[in-house]
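Asker: 3D, please:
(one chain, ligands or ions: 1)
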Amino acid sequence: MLEGKAILAARIRELIELTVLVDGPESMFAEAADRVAAVVSILRAATDSEPGVPAGRGWPPGVDDALEGVGNPLAPPMIIGHPGESGADGEVAALVTLGSAHEGAPGRAHGGWVAAILDHAVGRAAAQAGSPGMTVSLTVDYHRATPYGVPLDVRSRRVDQAGRKVFASAEILTDGQVTASATATLVTVRALANKAGGERPGPGSD
Ligand SMILES: CCCCCCCC(=O)SCCNC(=O)CCNC(=O)[C@H](O)C(C)(C)COP(=O)(O)OP(=O)(O)OC[C@H]1O[C@@H](n2cnc3c(N)ncnc32)[C@H](O)[C@@H]1OP(=O)(O)O
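Answerer: Here you go, the predicted model:
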């Protein structure tokens, strides 16, 4: 594990939260922006990559993953349960805590983030069931407010399979109540199936 990267990402998440929450004089923002620019230049000096080029994160999800990567400041991150902690019948259990930066309607998580969590959860469930694939259809039902600032319990499972199509479902719960649920169709992709436990193909492989 890249511990230093995870620590940096955690600090950046804090920075994002505070940037959303804080109000203050222009001078404070200017000073903070200058200091952030200094940090950016440290990282820029260490890479030839340009922002926006494919990161080639590949498979399986790693430290830079968009949802569960502890080294990716955009990832909440989602903590996927150890197989031993999974729910019954091959359920995948995960925990995720969103913050103020993920707010949509006042006081509740943005529906897009809720959908992203559910999308990732069904992907994880398909992979755990031995059929890693890509989501081709995701139907989300928003039952009640999904809060931020508290750990959310995420459950997912493969429901069925027909040829390359994998059907999966997932829910987000808080205080034992389902706030959002999803059903999904994924299509198994040969490169993922071949590499589920091994090398990491680039994005767009099939
Ligand atoms: C472990 C970590 C989990 C990470 C989870 C991340 C989840 C994601 O974000 S995945 C990224 C978002 N999804 C995508 O980018 C997928 C975009 N789609 C694609 O690239 C292509 O559709 C691809 C490669 C998956 C499949 O293409 P292709 O191999 O040509 O399959 P295709 O023949 O069109 O379809 C296969 C089957 O799926 C069905 N299908 C395709 N699209 C849909 C759809 N939207 N709804 C229902 N069924 C569909 C087809 O009808 C076909 O069914 P059948 O076998 O019965 O004829």
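Asker: worst-scoring helix or strand of the protein, pLDDT-wise?
Answerer: helix 190-195 (a mean of 64; mean pLDDT, DSSP states H and E).
Asker: Low-confidence bits of this structure, can you list those?
Answerer: 1, 53-58, 82-89, 191-206 (pLDDT under 70).
Asker: Closest residue of this structure to the ligand?
Answerer: Closest approach between the chain and the ligand, counting by CB to the nearest ligand atom: Gly123, at 2.5 Å. Just so you know, the C-beta spots here come from the backbone N, C-alpha and C atoms, and that holds for glycine as well.
Asker: Name the helix or strand for that residue, please.
Answerer: If you go by DSSP states H and E, Gly123 is part of helix 111-128.
Asker: On the C-terminal side of that helix, identify the next helix or strand.
Answerer: Beyond helix 111-128 toward the C-terminal end (DSSP H and E), the next one is strand 133-142.
Asker: Quickly note the distance from His120 to Phe167.
Answerer: For His120, the distance to Phe167 (CB to CB, to the nearest Å) stands at 17 Å.
Asker: Could you do Asn72 as well?
Answerer: 28 Å.
Asker: Between those two, tell me which one has more neighbours.
Answerer: Asn72 (23 against 16; other CB atoms under 10 Å).
Asker: my guess is that one meets Val63, correct?
Answerer: Yes - judged on CB atoms under 8 Å, Asn72 makes contact with Val63 at a distance of 7.4 Å.
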